[in-house]
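# I'll drop the sequence and a predicted model, then ask my questions.
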Amino acid sequence: MAESKRTDEIQGEIVHVYDGIEEADNQLPRWWLATFFLTIVFGIGYWFAYHEYQLAPLPVEEYADAHAAQESSVVEVSEEELAALVASPEAVDAGREIFTTTCVACHGARAQGDIGPNLTDHHWIHGGSSVEIHSTIRDGVLTAGMPAWGPSLGPTAVQHVAAFVLSIRDTEVEGKAPEGELYTPARSDTEEPMAPDAQTPEPSAPDAQTPEQPTPEPAIPGPETPSP
Ligand code: HEC
């Protein structure tokens, strides 16, 4: 120690000198102190909010929840289940409503195609079987501008809107030119929903969709078994 203290013109009074390094002892600026104390208050608040009282989920939990929600939106549906939905007027009506609010912007009011392809022709880019159509709607085609509807609509709504799309499949509404591959249904697919439940001639009743087709589509080749 010993050395006489000097006063620096910028730092003020030098209180310590170690190996030529001088240290002054000044008041910290108010703004600095305020920030410092605020972080302490915030830290305590955060601790109580997140760890003590669990008022909000931790980021890890939030991630796990989002992950689970994503997983649960990926619900597999069998051909039979979809066929049953197509045969149910309530499901198809619910699907039509969703289609009107959610899908017409890209696929057109009569599903005749616009930004997205015509959904009433015999050609499908991602497969024309009921299971394939359902998964295209659920998972989307993100690279091509078709959103994934599973996470936003949920499994039930996706199934309903798939049922609606299936109910108007092959109705040939004039519109966008066919895209993709010609899909010829395997006998277990399309035909079934029409034939077994013969209570209503047009289970799908696509009101506005097909003005040019007055009677039930005779176009679809298939077993004309009236009822079991
Ligand atoms: C933002 C525009 C957009 C919206 C909204 C949209 N689609 Fe699409 N959809 C597309 C595009 C673009 C494609 C073509 C994807 C491709 O070329 O691979 C497509 C493809 C499809 C296909 C597959 C067609 C095929 O040929 O394989 C189905 C089925 C379909 N959409 C159903 C729906 C349904 C149902 C909804 C509403 C829930 C919907 N889309 C809403 C843009 C949209």
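That came in fine, so what should we check first?
# Quick check: pLDDT value at Gly154.
With respect to pLDDT, Gly154 scores 89.
# Residue numbering should commence at 238 henceforth.
Got it, first residue is 238 now, which makes that one Gly391.
# I'd say Val323 and Ala400 touch.
Yes: applying C-beta atoms under 8 Å, one finds Val323 in contact with Ala400, separated by 4.9 Å. Bear in mind the C-beta positions are built from the backbone N, C-alpha and C, glycine included.
# of these two, who's got more company?
Ala400 (31 against 26; other C-beta atoms under 10 Å).
# show me the contacts for that one.
Leu319, Leu322, Val323, Ser325, Ala328, Val329, Gly332 (C-beta atoms under 8 Å, 6 or more residues apart in numbering).
# between those, which is closest to the ligand?
Gly332 (8.1 Å; C-beta to the nearest ligand atom).
# So what's the residue count around the closest one?
Gly332, neighbours per other C-beta under 10 Å, totals 28.
# how about the nearest residue to it, chain neighbours excluded?
Nearest residue to Gly332, sequence neighbours excluded (C-beta to C-beta, 6 or more residues apart in numbering): Phe401, at 2.9 Å.
# show me the contacts for the one you found.
Val329, Ala331, Gly332, Arg333, Ile335, Phe336, Ser441.
# and those near the ligand, which?
Phe336 (C-beta under 6 Å from any ligand atom).
# is it possible to export the contacts of Phe401 to JSON lines including pLDDT and secondary structure?
Below are the contacts of Phe401 laid out as JSON lines (pLDDT from 0 to 100; DSSP: H, G, I helix; E, B strand; the rest coil):
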{"residue": "Val329", "pLDDT": "96", "secondary structure": "helix"}
{"residue": "Ala331", "pLDDT": "97", "secondary structure": "helix"}
{"residue": "Gly332", "pLDDT": "97", "secondary structure": "helix"}
{"residue": "Arg333", "pLDDT": "97", "secondary structure": "helix"}
{"residue": "Ile335", "pLDDT": "97", "secondary structure": "helix"}
{"residue": "Phe336", "pLDDT": "97", "secondary structure": "helix"}
{"residue": "Ser441", "pLDDT": "48", "secondary structure": "coil"}
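# Name the pair among the contacts of Phe401 with the greatest separation in space.
Ile335 and Ser441 (14.8 Å; C-beta to C-beta).
# Which one's more surrounded, the two?
Ser441 (26 against 19).
# Quick check: residues of the chain near the ligand?
336, 339-340, 342-344, 352-354, 356, 361-363, 370, 373-374, 378, 381-384, 386, 398, 402, 416-417.
# One more pass at 8 Å, please.
Residues of the chain lying close to the ligand by C-beta under 8 Å from any ligand atom are 335-336, 339-340, 342-344, 352-354, 356, 360-365, 369-370, 373-374, 377-378, 380-384, 386, 390, 395, 398-399, 401-402, 416-417.
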